[in-house]
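>>> I need the structure of the sequence given here:
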Amino acid sequence: IKCALLLKHLLNFYLFCIRRRGGAKGTFLTGTAEDISGHMHIPSKVSGTLFNLFSISGHGSNGKEGYQVTRQHLEKCMVYNLITYVLAQGHSMKAEVSDLCTEMKMEVSIAANILREAGFSI
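Purely as a prediction, here's the structure:
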């Protein structure tokens, strides 16, 4: 259950950032972690960890405080989503990732390659 709940929060974070992509430099999320986590529907205790893992705090071009989520951060978040999804499936460690890939707007072949690199048998 913990993995499934964590996956929900990871997926909300990832999708929120994807919807706000700002080009090659990534996404700048303006506001405090608490403000942004409210828009993501993620508890602030969890969002703090997610911001530490997948963003850099700083100031945007408008001078406002926020968090920079780069392309590398999004790719790292994608890997976390995939691995957590497999772990949430139980002890068999087998999962059909096509539904998750549809939700994340990624190709199944890319997901399979990522999981292979992480040590999973596909």
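>>> can I get the helix or strand that residue 75 is a member of as CSV, trimmed to CA atoms?
Assigned by DSSP states H and E, residue 75 falls within helix 71-88. Extracted in CSV, the C-alpha atoms of helix 71-88 (Å, rounded to 0.1, in the frame of the first residue of the first chain):
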residue,chain,number,x,y,z
ARG,A,71,14.9,17.6,-18.2
GLN,A,72,17.4,15.4,-16.2
HIS,A,73,15.2,15.8,-13.1
LEU,A,74,12.1,14.7,-15.1
GLU,A,75,14.0,11.7,-16.5
LYS,A,76,15.1,10.7,-12.9
CYS,A,77,11.4,11.1,-11.8
MET,A,78,10.4,8.9,-14.7
VAL,A,79,12.7,6.1,-13.5
TYR,A,80,11.5,6.4,-10.0
ASN,A,81,7.9,6.1,-11.3
LEU,A,82,8.6,3.0,-13.2
ILE,A,83,10.5,1.2,-10.5
THR,A,84,7.9,2.2,-7.8
TYR,A,85,5.2,0.9,-10.2
VAL,A,86,6.9,-2.5,-10.4
LEU,A,87,7.5,-2.6,-6.7
ALA,A,88,3.8,-1.8,-6.0
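>>> now for that helix, which elements pack on it?
The helices and strands touching helix 71-88, judged by 3 or more C-beta pairs under 8 Å, 6 or more residues apart in numbering; DSSP states H and E, are helix 2-19, helix 44-54, helix 98-104, helix 108-117. For every residue, glycine as well, the C-beta is placed using N, CA and C.
>>> would you list the ones you listed in a markdown table and tack on mean neighbour count and mean pLDDT?
Formatted as a markdown table, the helices and strands packed on helix 71-88 follow (neighbours: other C-beta atoms under 10 Å; pLDDT from 0 to 100):
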| stretch | mean neighbour count | mean pLDDT |
| --- | --- | --- |
| helix 2-19 | 17 | 92 |
| helix 44-54 | 17 | 93 |
| helix 98-104 | 15 | 92 |
| helix 108-117 | 14 | 92 |
